[in-house]
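>>> generate coordinates for the sequence data below:
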Amino acid sequence: MRRLAALPLLLGLVVLPAEAATTYPLTLQNCGFAVTFDKAPQRVVTIKSTATELLLSLGLRDRIVGVGFQDGPLPADLAAAGAGLKVLSEKAPSQEVVLETEPDFVYGGWESNFAGDAAGERPSLKQLGVASYVSPPACRSIRPPKLTFDAVFAEIGEMGAIFDVAPAAAALVAKQKAMLAAVRRDARGLTAVWYSSGTKAPYVGAGSGAPAMIMEALGLRNVFAGVDDGWTSANWEAVVDANPDVIVLVDAAWNSAEQKRKLLAANPITGKLDAVVNQRYLVIPFPASEAGVRNVPAAVDMARQLGALQIPAK
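From the prediction side, this is the model:
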């Protein structure tokens, strides 16, 4: 059996030569769990948009037999490829629903997707002959390191190995690296808060997840960078004290960017913030706010938005 050397700092993500064909059986460590593939998966259930969009980006539409817990519409470049996908559940599908599709692989964007009351625990799925995979940045049983674009690219490469489509994975990574290299960091020393959700208390991007990674790429100083987590529940007083130059608004179907604008303006605590008064916002779709193939395109778009903001020199 061929075993691939894992990189501990990437929670088991493997690095293969760009054009290497996969030799099966393939065994790898994923989020502290050993996963073996006897061949490339043929019937896949994806849970969360990040998982679905990565497989679509690799041209694997024909392998997807069902999707669950999609966070929003597919981006324009994947809409045609993803048309007609079978939706198993608006939230995490149950194990019974998942097994009805006769999958050989379940790819989850969150580790909680594999709870007993969701798609099923990973050991249980393994006993049924179903391989499973958690997006490494979303691992919780083993704490992931601070997210980097290299880790995002490594997950793309690992999917390329699992499905024996290494050339497609290498091409996608090369394209995204070129896009990222073209992003110009803002040199104004601007501060920012990444506002994801919450009304009484804001749920914000902290110091180690996708929000931190994207803000650093843009040259923004994250007000909550000192919190060693991907996300954190903050308070409005802390946001007001920081008086950020820019506020990133996550646009979700259940809590849109426009709703957030109205809330910030109407809230007497935040209504006088410079960023609110002057409408200094950057907007990102929710599916792009979690680690995945949308992070780089989102950084490109947010750099464009940021460059258009007129902000007085400090």
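>>> alpha carbons only for contacts and neighbour counts from here, please
Will do.
>>> show me how this protein divides into domains.
The chain resolves into domains spanning 2-179, 191-308 when parsed by automatic domain parsing.
>>> redo those domains as TSV? Include mean neighbour count and distance to Arg185.
Listed next are those as TSV, based on neighbours: other Cα atoms under 10 Å; distance: least, Cα to Cα, whole Å:
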stretch	mean neighbour count	distance to Arg185
domain 2-179	19	13
domain 191-308	19	5
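>>> okay if I get those as JSON lines plus mean pLDDT?
Shown next, in JSON lines, are the domains of the chain (pLDDT from 0 to 100):
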{"stretch": "domain 2-179", "mean pLDDT": "92"}
{"stretch": "domain 191-308", "mean pLDDT": "97"}
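>>> quick one: contacts of the strand or helix carrying Ala238?
Taking DSSP states H and E as the criterion, Ala238 maps to helix 236-242. Identification of contacts with helix 236-242 by Cα atoms under 8 Å, 6 or more residues apart in numbering yields 193, 201-202, 223, 269-270, 273.
>>> got those as a markdown table, with distance to Phe105 and secondary structure columns?
Formatted as a markdown table, these follow (distance: Cα to Cα, whole Å; DSSP: H, G, I helix; E, B strand; the rest coil):
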| residue | distance to Phe105 | secondary structure |
| --- | --- | --- |
| Val193 | 37 | strand |
| Ala201 | 38 | coil |
| Pro202 | 36 | coil |
| Val223 | 39 | coil |
| Ile269 | 48 | coil |
| Thr270 | 46 | coil |
| Leu273 | 48 | coil |
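>>> quick one: which two of those are the most distant?
Val223 and Ile269 (17.2 Å; Cα to Cα).
>>> other residues contacting stretch 142-153?
9-11, 31-32, 136-138, 173, 207-210, 213, 291-293.
>>> now it: how far from the chain's centre is it?
Relative to its chain's centre, stretch 142-153 lies at 11 Å (Cα atoms, centre = their mean, to the nearest Å).
>>> end to end, how far does that stretch reach?
This stretch, stretch 142-153, spans 20 Å end to end (Cα to Cα, to the nearest Å).
>>> if I look at Glu158, how far off is Gly207?
25 Å.
>>> all helices for the chain, in order.
49-57, 76-79, 95-100, 122-127, 149-162, 166-181, 210-218, 236-242, 257-266, 274-277, 295-308 (DSSP state H).
>>> got the angle for the fifth one vs helix 210-218?
Translated: helix 149-162. For helix 149-162 against helix 210-218, the angle by axes from the mean of the first three to the mean of the last three Cα atoms, to 10 degrees is 120 degrees.
>>> return the distance of helix 149-162 from the chain's centre.
That offset, for helix 149-162, works out to 13 Å (Cα atoms, centre = their mean).
>>> same question, the third one
The gap between where helix 95-100 is centred and where its chain is centred comes out at 24 Å by Cα atoms, centre = their mean.
>>> re the thing from before, which ones among the contacts of stretch 142-153 are found in strands?
Using DSSP state E, no member of the contacts of stretch 142-153 sits in strands.
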